[in-house]
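Undergrad: Sharing a sequence plus its predicted fold:
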Amino acid sequence: GENVEQHPSTLSVQEGDSAVIKCTYSDSASNYFPWYKQELGKGPQLIIDIRSNVGEKKDQRIAVTLNKTAKHFSLHITETQPEDSAVYFCAASTGGFKTIFGAGTRLFVKA
Amino acid sequence: EPEVTQTPSHQVTQMGQEVILRCVPISNHLYFYWYRQILGQKVEFLVSFYNNEISEKSEIFDDQFSVERPDGSNFTLKIRSTKLEDSAMYFCASSEASGGIGELFFGEGSRLTVL
């Protein structure tokens, strides 16, 4: 079955710096790659997603890149702010009924 | 804004007891899910439910687990005889399209503690 690896597990950056989180997936049939943000005491919330027919997608300070050949995808957050501090999960799906999540990255943005 | 609601927010139970976790998905959504998250670990898929039947389940979802949509609004997860290792945060989610190709909307979770 699909397996998603995520790195780093913890990331600490200074406010205003960029943060990059990387994921790899195992199933070459995966075609949908969402990113979720989980704040303390809450459920994960979608922040951006990318489909396999696209190499890059941007939404304000957040961008995702996808390399299907290498089976990896990344989340880039620019100009980080303290409110970006949260746990971020990458995920992958083959288009069926389940989405497989990575282990999460705890991002700390220091003011 | 419509949201997924879950009850209870926290349940403490004795090992071997039955537990039912309840969820009210977003009203026009057709696909429903349960995920769990053991403290500090990844969000793990348990089961998906569509058209009044299980569409997919993981190896975690064994005979001790069952799901039901008893009426038009609730979606429940039952654990028949809880074990210590069932202690986790259980998240319900729903989606308009199949979760494999669209956004999952998660509830705030039900924390289960098995003593």
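TA: Great, that's in hand. Just so it is clear, the structure is predicted and the values come from calculations on it, not from any experiment. Numbers count the residues shown, from 1 in each chain, chains lettered A, B, ... in the order given.
Undergrad: From what I see, A:Ala19 and A:Gln81 are in contact.
TA: No - using C-beta atoms under 8 Å, A:Ala19 makes no contact with A:Gln81, being 10.7 Å away. C-beta here means a position set from N, CA and C on the backbone, and glycine is covered the same way.
Undergrad: Return every residue with contacts to both of the two.
TA: Common neighbours of A:Ala19 and A:Gln81, using C-beta atoms under 8 Å, 6 or more residues apart in numbering or on different chains, are A:Val109.
Undergrad: out of the two, which sits in the more crowded spot?
TA: Shown here are A:Ala19 and A:Gln81; by other C-beta atoms under 10 Å in any protein chain shown, A:Ala19 has more neighbours (19 against 12).
Undergrad: So what touches stretch B:53-66?
TA: Against stretch B:53-66 from outside (C-beta under 8 Å, 6+ apart): A:96-98, B:31, B:36, B:44-49, B:67, B:77-81, B:83.
Undergrad: Quick check: closest non-adjacent residue to residue 79.
TA: Looking at chain A here, since you left the chain open. With C-beta to C-beta, 6 or more residues apart in numbering or on different chains as the measure, A:Arg61 is the residue that lies nearest to A:Glu79, at 5.5 Å, once sequence neighbours are left out.
Undergrad: look at chain B instead
TA: That would be B:Val19: by C-beta to C-beta, 6+ apart, it lies 4.8 Å from B:Ile79.
Undergrad: can you check A:Lys68 too?
TA: In space, A:Lys68 is closest to A:Ser52, 6.0 Å off (C-beta to C-beta, 6+ apart).
Undergrad: burial count for the residue lying closest to A:Glu15 once chain neighbours are set aside?
TA: Excluding the flanking residues, the one nearest A:Glu15 by C-beta to C-beta, 6+ apart is A:Ala111, at 5.1 Å. Neighbourhood size, A:Ala111 [other C-beta under 10 Å]: 8.
Undergrad: For A:Ala111, give its distance to chain B.
TA: 24 Å (C-beta to the nearest C-beta, to the nearest Å).
Undergrad: A:Lys98 now?
TA: 5 Å.
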